[in-house]
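>>> coords please:
(one chain, ligands or ions: 1)
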Amino acid sequence: MTNRPLVGIVMGSDSDLPVMKNAAAVLDELGIPWEIVISSAHRAPEKTAVYARDAASRGLQVIIAGAGGAAHLAGVIAGHAPLPVIGVPIASGAMQGVDALYATVQMPPGIPVATVAINGARNAGILAAQIIGAGQPDIRARIVSFKEQMARQVDNKSQKLQELGIAGYLEQMGGK
Ligand code: RP5
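Next up is the predicted model:
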């Protein structure tokens, strides 16, 4: 496997990093190389445009863009790049991500942004892997294993619930 990044993770500010690191983490789990940069549709518009325009020729296949507030980052990148763009609305400020969700998801016809949940960077990473995996059997096989692992975890929890009962299960969860 090449170590050249296939996924570009872009965020509007370093304050988005605690959320956006989750996209990088799951891409690591799935063995997909990534890069991460800070750029801003508002504070660094030229840098953002150049990044988006050059992304495909640098070998990136998917871009994940996270921003909060008046979150135009994913949309601006989608306007410049011929690649799939996944938007992550970040919870920040008075509206705690609802503003960013609306700004990210309400794209005009012709410029799609696949928008995940507020702070849903992990899902953005998984979706990026699935997009790449659609044309790469080895990556698709890793997605299949990933899903099987999740299904096993559900089974294990259900089994434990049968063994411990409701009260015992809640107790080992921390008394919820
Ligand atoms: C957005 O404004 C960023 O994506 C961030 O979520 C939010 C706040 O940015 P900082 O003021 O913390 O740099 O552009």
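>>> Could you pull out the strands in this protein for me?
Taking DSSP state E to define them, one finds strands in the chain at 7-11, 34-38, 62-68, 85-90, 114-115.
>>> Format those as JSON lines; extra columns: mean pLDDT, mean neighbour count and distance to Val19.
No exception for glycine: its C-beta is placed from N, CA and C like everyone else's. Shown next, in JSON lines, are the strands of the chain (pLDDT from 0 to 100; neighbours: other Cβ atoms under 10 Å; distance: least, Cβ to Cβ, whole Å):
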{"stretch": "strand 7-11", "mean pLDDT": "98", "mean neighbour count": "27", "distance to Val19": "8"}
{"stretch": "strand 34-38", "mean pLDDT": "98", "mean neighbour count": "16", "distance to Val19": "12"}
{"stretch": "strand 62-68", "mean pLDDT": "98", "mean neighbour count": "29", "distance to Val19": "6"}
{"stretch": "strand 85-90", "mean pLDDT": "98", "mean neighbour count": "30", "distance to Val19": "6"}
{"stretch": "strand 114-115", "mean pLDDT": "98", "mean neighbour count": "22", "distance to Val19": "14"}
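>>> between these, which gets nearest to the ligand?
strand 62-68 (2.6 Å; Cβ to the nearest ligand atom).
>>> which neighbours does that closest one have in its sheet, and in what orientation?
Sheet pairing of strand 62-68 (DSSP bridges) gives strand 7-11 (parallel), strand 85-90 (parallel).
>>> looking at those strands, which is closest to Arg58?
Nearest to Arg58, of all the strands paired with strand 62-68, is strand 7-11, at 8.3 Å by Cβ to Cβ.
>>> which residues touch the closest one?
Contact with strand 7-11 is made by 17, 20, 23-24, 27, 32-39, 48, 51, 55, 60-67, 73, 77, 90, 125, 128-129, 132, as judged by Cβ atoms under 8 Å, 6 or more residues apart in numbering.
>>> Dump the C-alpha coordinates for it into CSV.
What follows is strand 7-11, C-alpha atoms only, in CSV (Å, rounded to 0.1, in the frame of the first residue of the first chain):
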residue,chain,number,x,y,z
VAL,A,7,-7.8,11.4,2.4
GLY,A,8,-7.3,15.1,3.1
ILE,A,9,-8.7,16.2,6.5
VAL,A,10,-9.2,20.0,6.6
MET,A,11,-10.4,22.0,9.5
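>>> going forward, begin numbering at 222 instead of 1
Sure, I'll start numbering at 222, so the last one becomes strand 228-232.
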